[in-house]
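would you be able to build a 3D model of this:
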Amino acid sequence: MSQNSKDLIAAHLKQSLIALERANSDASMLAAARAIAAAIIAALRAGNKLLIVGNGGSAADAQHIAAEIVGRYKQDRPGYAAIALTTDTSALTAIANDYGFEQIFARQVEGLGVRGDVLLALSTSGRSPNILSALNKARELGLVTIGFTGGKGEAMRSACDHLLVAPTDDTPVAQQIHLAVGHGICDEIEQALMREA
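Prediction:
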């Protein structure tokens, strides 16, 4: 590599570090994260479940977060109810075929969600039609609605009881912040519910 070549890996890490530091000092984002953790804790405590949706990398994050809740985050403890609605290929393809891609999550929310459950919707743009449709269906059914988005994702706000806005417009960096905050929320959930076990 020549001296004039840019080290893309180091540049990405530096950009990520700057964004994480900005997130760590963003009082409104941290307050939203604490409110989100409290809402999920209340739902799980009441015997309800967490449903999670997202597209692409956010779909992978949905599965990751669900696994931390059902399995364990850091400590052995009872499993809690969390389902990533991104994983059932038969449901996803049947719904997309019969109702259209915009309904792939809303239809699952309709079939699996009950009043008091929580829908966590991950969308860095905040404009994905299938995410907005799922949030609107969840609202209609009485679920608590939570959104994780990026700096331009304000379109989600009207459909969310709680909205976490990562302080970046860069999609991969926003996803990294979402997962870092998601891990912090998993820690809050685990600690709170283990104190009651």
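
any low-confidence regions in this structure?
Along the chain, segments meeting pLDDT under 70 span 1-5, 197.

mind listing the helices in it by residue range?
8-24, 27-45, 57-70, 89-99, 106-112, 129-141, 171-196 (DSSP state H).

nearest to G79, out of these?
Evaluated with CB to CB, these place helix 57-70 nearest to G79, the distance being 5.0 Å. Quick note: C-beta positions are derived from backbone N, CA and C, even for glycine.

nearest residue to the middle of this protein?
In the chain, the residue lying closest to the centroid (CA atoms, centre = their mean) is L122, at 4.2 Å.

that one against F148, yeah?
Yes. Using CB atoms under 8 Å, L122 is in contact with F148, at 4.7 Å.

between these two, which contacts overlap?
S58, H178 (CB atoms under 8 Å, 6 or more residues apart in numbering).

so for stretch 98-106, what gets flagged as buried?
By neighbour count on 16 or more other CB atoms under 10 Å, the buried set for stretch 98-106 is E102, Q103, I104, F105, A106.

my error: substitute stretch 139-155 in the last question.
R139, L143, V144, T145, I146, G147, F148, T149, G150, G151, G153, A155.

ok, the second one - contacts?
If you count contacts by CB under 8 Å, 6+ apart, L143 has them with L51, V109, G113, V114, R115, G116, D117, V118, L119.

let me see the contact set for the residue nearest to the centre of the chain.
L122 touches 52-54, 58-59, 61-62, 131, 147-149, 175, 178, counting by CB under 8 Å, 6+ apart.

one step back: would you mind listing which of the contacts of L143 are buried?
L51, V109, G113, D117, V118, L119.

pick the one among those residues closest to Q15.
In terms of CB to CB, no member of the buried ones among the contacts of L143 lies closer to Q15 than L119, at 30.3 Å.
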